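K.L.:
make a model of this:
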Amino acid sequence: MSFDILCRQRTLYFLVKWSLAVCIALNLGACSRDAEPVHQEQILVFGTLVDITLWGVNDDKAQQATAAVISTLNKLHHRWHAWEPGPLTEINARLARGETVTLDPDQVEVIRGARELSRQSGDLFNPAIGRLIGLWGFHSDDRPSTIPPPAPQAIQQLVAQHPTMEDLHLDGNKLRSDNPALQFDFGAYVKSYGVDRAIDQLRRHGVANAIVNAGGDLRAIGSRGDRPWRIGIRDPRGPGILASVEIRGDESVFTSGDYERFFVYQGKRYHHIIDPRSGYPPDGAMSATVIYPGGGVGGGASTALMVAGPKDWLKVVRGMHLKQAMLVAADRKVYLTPVLAKRIHFEVDPPPTVIIGQP
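P.N.:
Below you'll find the model as predicted:
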């Protein structure tokens, strides 16, 4: 069996394991609809399995609500896909030719939001480096592991052109760029945007208690009856859960990791999160998690934390105004903000070494 097929199967395995882990962490018993009014659906979009879990809703309302969510997510998948032909690839092509693009309102919303997050992160979250991500072969559903990493000269050439969101000129709904090397790849940001739109749909259908989980990027609203939702955060080097946290009300939990999309070449792991400064995947962290009230910044923030690593993670925490963040370093030490340290529960024995940073 080729390694790329093995990686895809392993990724699917971990996604299924993640879904099962969340099911257990949510304390749904055997996830039986007979025991409690729980409704669950799954959809494959954004390159990951999205789990939709509703509590306290009858089957008719649940089916209508989840159908609306699935329709919304499928549309967003097509609209914001980084390499399949669609609206985003057309925008990228026109910007590269120096043309001015007329955007729809939702496109303006995403680009404005992503640009602000990029500024706050010091450009460690940089959706303008799509060409670099493509150069590494991650603009593909099945990157062969036999292909070596890009040539250093090719990486250096793109890094030298320094595409950032500051190269954009947005006037109303008119967009152009001064940098032909700029190419959008919104990655985890669009996943979190999609999760927020899914929650909007559920609320329109009268659903007050639910979780939408896009491969580890999730938002939970309400509660599970008289108990809070209990969310599991995956162990980046194991099949189980590293830690858990209870949520009641409306909170988002976003996790980025080096295990999501990667290949191994000559014994070295290369993952899909690229440091815009070097052009290479950073190796200081295995995963990063951000908890945020309501919807919003999580996907961009967890990506920026992965790039920053343990040396600069607090700069990202401060710049992006994060109160609850966790970084699992390559040596398995866990860096926590004080607020998250008070509420997180480690599920591994022995628990990891914890370093609490003051934001």
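
K.L.:
need the three-state assignment for V290.
P.N.:
strand (DSSP: H, G, I helix; E, B strand; the rest coil).

K.L.:
now the helices for the stretch 201-350 of the chain?
P.N.:
Listed in chain order, the helices of the stretch 201-350 of the chain (DSSP state H, counting those that start in this stretch) span 298-319, 338-343.

K.L.:
can you say which of those helices is packed in most?
P.N.:
helix 298-319 (a mean of 24; mean count of other C-beta atoms under 10 Å). C-betas here are computed from N, CA, C, even on glycine.

K.L.:
helices and strands around it, which ones?
P.N.:
helix 105-120, helix 187-204, strand 217-222, strand 249-257, strand 285-293, strand 324-329 (3 or more C-beta pairs under 8 Å, 6 or more residues apart in numbering; DSSP states H and E).

K.L.:
where does this structure dip in pLDDT?
P.N.:
The chain contains residues with pLDDT under 70 at 1-36, 297, 359.

K.L.:
distance between stretch 160-168 and the chain's centre?
P.N.:
22 Å (C-alpha atoms, centre = their mean, to the nearest Å).

K.L.:
dump it to PDB, restricted to CA.
P.N.:
Taking Å, rounded to 0.1, in the frame of the first residue of the first chain, the C-alpha atoms of stretch 160-168 are listed here in PDB:
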ATOM      1  CA  ALA A 160      11.000  37.000  -1.200                       C
ATOM      2  CA  GLN A 161       7.900  38.300  -2.900                       C
ATOM      3  CA  HIS A 162       6.300  38.500   0.600                       C
ATOM      4  CA  PRO A 163       2.600  38.300  -0.300                       C
ATOM      5  CA  THR A 164       0.400  39.500   2.600                       C
ATOM      6  CA  MET A 165      -3.100  40.700   3.100                       C
ATOM      7  CA  GLU A 166      -1.700  44.300   3.100                       C
ATOM      8  CA  ASP A 167      -1.100  43.900  -0.600                       C
ATOM      9  CA  LEU A 168      -4.900  44.200  -1.000                       C
END
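
K.L.:
got the buried residues for that stretch?
P.N.:
H162, P163, T164, M165, E166, D167, L168 (16 or more other C-beta atoms under 10 Å).

K.L.:
mind saving the C-alpha coords of stretch 349-359 as PDB?
P.N.:
What follows is stretch 349-359 as a C-alpha-only set of coordinates in PDB (Å, rounded to 0.1, in the frame of the first residue of the first chain):
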ATOM      1  CA  ASP A 349      -1.900   9.800  32.800                       C
ATOM      2  CA  PRO A 350       0.500  11.100  33.700                       C
ATOM      3  CA  PRO A 351      -0.600  14.600  32.800                       C
ATOM      4  CA  PRO A 352       1.800  16.700  30.700                       C
ATOM      5  CA  THR A 353       4.200  19.300  32.000                       C
ATOM      6  CA  VAL A 354       2.200  22.600  32.000                       C
ATOM      7  CA  ILE A 355       3.700  26.100  31.600                       C
ATOM      8  CA  ILE A 356       1.300  28.900  32.300                       C
ATOM      9  CA  GLY A 357       2.000  32.200  30.400                       C
ATOM     10  CA  GLN A 358       0.700  35.600  31.400                       C
ATOM     11  CA  PRO A 359      -0.900  37.200  28.400                       C
END
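
K.L.:
now E84. Nearest residue, chain neighbours left out?
P.N.:
H78 (7.6 Å; C-beta to C-beta, 6 or more residues apart in numbering).

K.L.:
for that neighbour, which residues are in contact?
P.N.:
Contacts here follow C-beta atoms under 8 Å, 6 or more residues apart in numbering; on that basis H78 touches E84, G86, P87.

K.L.:
quick one: the last one from G222, how far?
P.N.:
Meaning P87. With distances taken as C-beta to C-beta, to the nearest Å, P87 is found 33 Å from G222.

K.L.:
now swap in the first one and tell me
P.N.:
Shown here: E84 relative to G222, a distance of 35 Å by C-beta to C-beta.

K.L.:
comparing these two, which residue is more hemmed in?
P.N.:
G222 (21 against 11; other C-beta atoms under 10 Å).

K.L.:
save the contacts of H78 as a markdown table, and put in distance to S145 too.
P.N.:
Compiled in a markdown table, these are given as follows (distance: C-beta to C-beta, whole Å):
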| residue | distance to S145 |
| --- | --- |
| E84 | 22 |
| G86 | 27 |
| P87 | 31 |
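
K.L.:
for R97, which of the helices of the stretch 201-350 of the chain is the nearest?
P.N.:
Closest of those to R97 is helix 298-319, at 27.2 Å (criterion: C-beta to C-beta).

K.L.:
perfect, that will be all.
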